[in-house]
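> any chance you can model this:
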Amino acid sequence: MTLRPAWGVAQQLASGLYRNLAEFVRTCAAYLGITVLVAGTMVLTMPTLRDQALQIHSALLVALVPDALLPQLVTNTGGPVGPIVAAIDLEPLRGEALPPTTGANPSASAQRPVSRAELAQPGQAPVQQELAAAAEASAVSRGSSVQEVVQRQGLAQKQQDALIQYLSRKYLVANEAAKMFVETAYVVGDELKVDPLLILAIIATESRFNPYAGGQVGGPTGLMQVMISVHRDKFTKLGRAESLAFNPVANIRVGAFILADCIRRRGAVAEGLLCYCGASGPTTDGGYTEKVLSERRRLALAGSIALKD
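Residues are numbered from 1 along each chain as shown. Sure, this is the predicted structure:
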């Protein structure tokens, strides 16, 4: 008779312990959810925490650098410049990959290289100097700065800032890197008579602004996923094709040149995009053309920019 009361007491104790444990787990889950929500809100709203998140993203990109570029990371004393060039010790570019155009057709002309000494500024990292040299090559030849070239195409400073913020938020790109992307797209677009937003839309579709996208030897590489095995000669005009394919500026220049040639030969932007992705027609591009054109519209909307066509 004494076993039943004892068993009942044990059941009550176990039931109470289970209820208390379940309540504790529910409380912890609720507080954990609140913590995650608050942390996410702070990262999106507080610049310092957001910058730390971008630095973590930068470190992850550096960790994914191809093995061939890892030794250069050690010798790069200039320090990282956003997630884009953190692991690239750029060589001075030999002239322009894609010289200014005459009319609508890309042409070949020589450009005097800009030396390190000419670009040296106190407190500026060597990598920044060389990226500036590459981005400003054609602008300097015409006596214009990059900003003057950008403004000449009708992009106001507020529109440029809005475009940079859009790229930074959507693709987790550091502001400095996003600014370099936008300026390079506008300088190269001015040279080749190609819509800069179309260049940026292709980069977003092809690599999501990851300069190390790809990896297969000779295959699609870099921001605009240029086939090195096919277009090696275009990179060779700048230097070593294998390393410069990961150079953001060089990759944009070569990719934009290919795009300009495709549009010129096909006669329209949509058909040029089919040529760029290697599709024979709209039914075989896997939706590529629509993805690029949709992203271009989103870029234009983000920057309050009127599309050219």
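
> low-confidence stretches in the protein?
Residues of the chain meeting the criterion pLDDT under 70: 1-6, 43-144, 215-219, 229, 232, 235-244, 309.

> the helices in the chain, which residues?
For the chain, applying DSSP state H gives helices covering 3-45, 47-63, 70-75, 116-119, 126-141, 146-152, 157-171, 175-192, 196-207, 228-236, 241-244, 248-266, 269-277, 288-302.

> among those, which comes closest to residue 213?
helix 196-207 (3.7 Å; Cβ to Cβ). C-beta coordinates here come from the backbone N, C-alpha and C atoms, glycine included.

> give the buried residues for that closest one.
Residues 196, 197, 198, 199, 200, 201, 202, 203, 204, 205, 206, 207 are the ones in helix 196-207 that count as buried (16 or more other Cβ atoms under 10 Å).

> for these, which one is nearest residue 305?
Checking the buried residues of helix 196-207 against residue 305 by Cβ to Cβ gives residue 197 as the nearest, at 6.7 Å.

> list the contacts of that closest one.
By Cβ atoms under 8 Å, 6 or more residues apart in numbering, the residues touching residue 197 are 185, 296, 299, 300, 305, 307.

> which member of these is positioned nearest residue 23?
The closest of these to residue 23 turns out to be residue 299 (Cβ to Cβ; 50.2 Å).

> dump the residue contacts of the closest one.
Contacts of residue 299 (Cβ under 8 Å, 6+ apart): 163, 166, 197, 200, 201, 204, 305.

> wait, which of the residues you listed is closest to residue 29?
Nearest to residue 29, judged by Cβ to Cβ, of the contacts of residue 299 is residue 166 at 35.1 Å.

> ok, now how distant is the closest residue to that closest one other than its chain neighbours from residue 231?
With sequence-adjacent residues excluded and distances taken as Cβ to Cβ, 6 or more residues apart in numbering, residue 166 is closest to residue 302, at 3.7 Å. As judged by Cβ to Cβ, to the nearest Å, residue 302 and residue 231 stand 30 Å apart.

> returning to what we had before: what's the farthest-apart pair in the contacts of residue 299?
Among the contacts of residue 299, the pair separated by the greatest distance (Cβ to Cβ) is 204 and 305, at 15.1 Å.

> residue 264: neighbour count?
By the criterion of other Cβ atoms under 10 Å, residue 264 has 18 neighbours.

> distance of it relative to residue 306?
Between residue 264 and residue 306 the distance, using Cβ to Cβ, works out to 23 Å.

> over to residue 228?
Using Cβ to Cβ, residue 228 is found at 36 Å from residue 306.

> between the two, which is the more surrounded one?
Neighbour count, other Cβ under 10 Å: between residue 228 and residue 306, residue 228 has more, with 21 against 7.

> isn't that one right up against residue 251?
No - in this structure, residue 228 is not within contact of residue 251 by Cβ atoms under 8 Å, at 10.1 Å.

> quick check: neighbours shared by the two?
If you check residue 228 and residue 251 against Cβ under 8 Å, 6+ apart, the residues they both contact are 221, 245.

> give me the neighbour count for the residue nearest to residue 167 when sequence neighbours are not counted.
Spatial nearest neighbour of residue 167, excluding adjacent residues (Cβ to Cβ, 6+ apart): residue 178 at 4.2 Å. By other Cβ under 10 Å, 23 other residues sit near residue 178.
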